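**Q** how would this look folded up:
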Amino acid sequence: MATERFSDEEITARAQQLADEQGPGWEEILAEERAGKDTAEIKYWRGLALQQLEAEQPTFSPTVLEVEDSTPKTVGLD
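**A** Reported below is the predicted structural model:
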């Protein structure tokens with residue numbers, strides 16, 4: 001699940017923090033996984049962590065060239 005901007009370690013650390021603050025706790029989730037129970041919970045917390053990390057990133061206004069590149073061009077409509 002690592003992305004260009006975030007490493008697996010960053011995502012897991014945030015997932016652990018979120019699970020400890022809002023959920024059953026990271027250790028309980030890991031214990032259930034070790035016992036062979038549902039692993040979807042780890043995916044849920046990691047996904048939530050990634051969303052939160054991405055939301056915290058500063059957004060930059062597009063450059064003039066980026067806007068020009070994404071603007072549809074009209075050709076031959078004189």
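
**Q** which residue is the nearest non-sequential neighbour of the spatially most central residue of the chain?
**A** Residue closest to the mean C-alpha point of the chain, counted by C-alpha atoms, centre = their mean, is Leu50 at 2.2 Å. Nearest non-adjacent residue to Leu50, counting by C-beta to C-beta, 6 or more residues apart in numbering: Ile11, 5.5 Å away. (Each C-beta comes from the backbone N, C-alpha and C, glycine too.)

**Q** okay, buried residues for the helix or strand harbouring that neighbour please.
**A** Per DSSP states H and E, Ile11 falls inside helix 8-22. Of all the residues in helix 8-22, those buried under the rule 16 or more other C-beta atoms under 10 Å are Ile11, Thr12, Arg14, Ala15, Gln16, Leu18, Ala19.

**Q** where does pLDDT dip in the protein?
**A** Low-confidence segments of the chain (pLDDT under 70): 1-4, 38, 60-62, 77-78.

**Q** could you redo the last one with a cut-off of 90?
**A** Applying pLDDT under 90 to the chain flags residues 1-6, 23-24, 29-30, 32-42, 54-78.

**Q** look up phi and psi at the closest residue to Arg5 other than its chain neighbours.
**A** Closest residue in space to Arg5, ignoring its immediate chain neighbours: Gln57 at 6.8 Å, by C-beta to C-beta, 6+ apart. The phi/psi pair for Gln57 (degrees, to the nearest 10) reads phi -70, psi 140.

**Q** would you agree Gln57 is in contact with Phe6?
**A** No - Gln57 is not in contact with Phe6 according to C-beta atoms under 8 Å; the separation is 9.1 Å.
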